[in-house]
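K.L.:
What would the 3D arrangement of this be:
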Amino acid sequence: MKTGSATADDLTVKNAVTADTVTGKTVNATTGNTTDLNVSDTIVTKNLNVTGAAHFVELIIDKVRSAGGTIILSAASMKTFGVTEETDDWKLTFLKKDSDGLTSDNDFIVGDQVICQSFSGKSGSNVSNKYYYSTVTESGDDDNYHYIKISKTYIGSGSVLNPEAGDTVV
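P.N.:
Residues are numbered from 1 along each chain as shown. Next up, the predicted model:
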C-alpha cells in the first residue's frame, strides 16, 4: 500500500469522474480509509446514484422544447368532453376524473377570458384550424363533470364560436 497523499493521477475511479476534474485534490492513502471527495470544478458522469442525502445550493435542469406557437401558462385549462348550445351561452363540460383515475379541478371563474386556438399551418380544405375567444359566464360542477358556460354575445375579435368536444380551452 502506498503511504502519504495520492494525487488524482494515482486515483482510479471507474465510470464516474476523469482525473482532470479532481486535479489538485488529495486522497488519504496512509490508512486506507475512504474520505469524502471534494471537487471544486465539474464532474461529468453518465449516471449518478446517491445513497445518502444530496444537498444542492443550486440545481439547474436544462430542457429544450419547441411549442410551435403561443404558450399560455394558466391553472385553468381543460379538454372539453361535451358541448351543449344554450340560448345565450355554450356549456362546455370536462371530466372530473380521467380514464387513468386522475382527478382535475375547475379553476375557471366567472369573468375569465377563455381561448381555444389551434392552427395546423395549412390552408385549404380538410384543415382543422380553430379559434374562439369568449368570457366565462358561469362555472360549476355536475355529478361527474366540471363545466363552464361561455358567452355567445361577448366574443373576441375575429372569433366564431364553434366549440366542440375535444377542444382544449385555457
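K.L.:
from memory Asp112 sits against Thr135, does it?
P.N.:
Yes - counting by C-beta atoms under 8 Å, Asp112 does reach Thr135; the two are 7.2 Å apart. C-beta coordinates here come from the backbone N, C-alpha and C atoms, glycine included.
K.L.:
my guess is Asp167 contacts Cys116, does it?
P.N.:
Yes - applying C-beta under 8 Å, one finds Asp167 in contact with Cys116, separated by 4.8 Å.
K.L.:
quick one: common contacting residues for those two?
P.N.:
Contact criterion C-beta atoms under 8 Å, 6 or more residues apart in numbering; residues shared by Asp167 and Cys116: Lys130.
K.L.:
Show me which of these two is the more surrounded one.
P.N.:
When neighbours are counted by other C-beta atoms under 10 Å, Asp167 and Cys116 differ, and Cys116 comes out ahead with 21 against 18.
K.L.:
where in this structure is pLDDT low?
P.N.:
Along the chain, segments meeting pLDDT under 70 span 1-40, 62-75, 119-128, 157-159.
K.L.:
let's go with 80 and repeat that
P.N.:
Scanning the chain for pLDDT under 80 picks out 1-45, 56, 58-77, 98-99, 101-102, 118-130, 154-161.
K.L.:
how about stretch 96-112: buried residues?
P.N.:
Across stretch 96-112, burial judged by 16 or more other C-beta atoms under 10 Å covers Lys96, Asn106, Phe108, Asp112.
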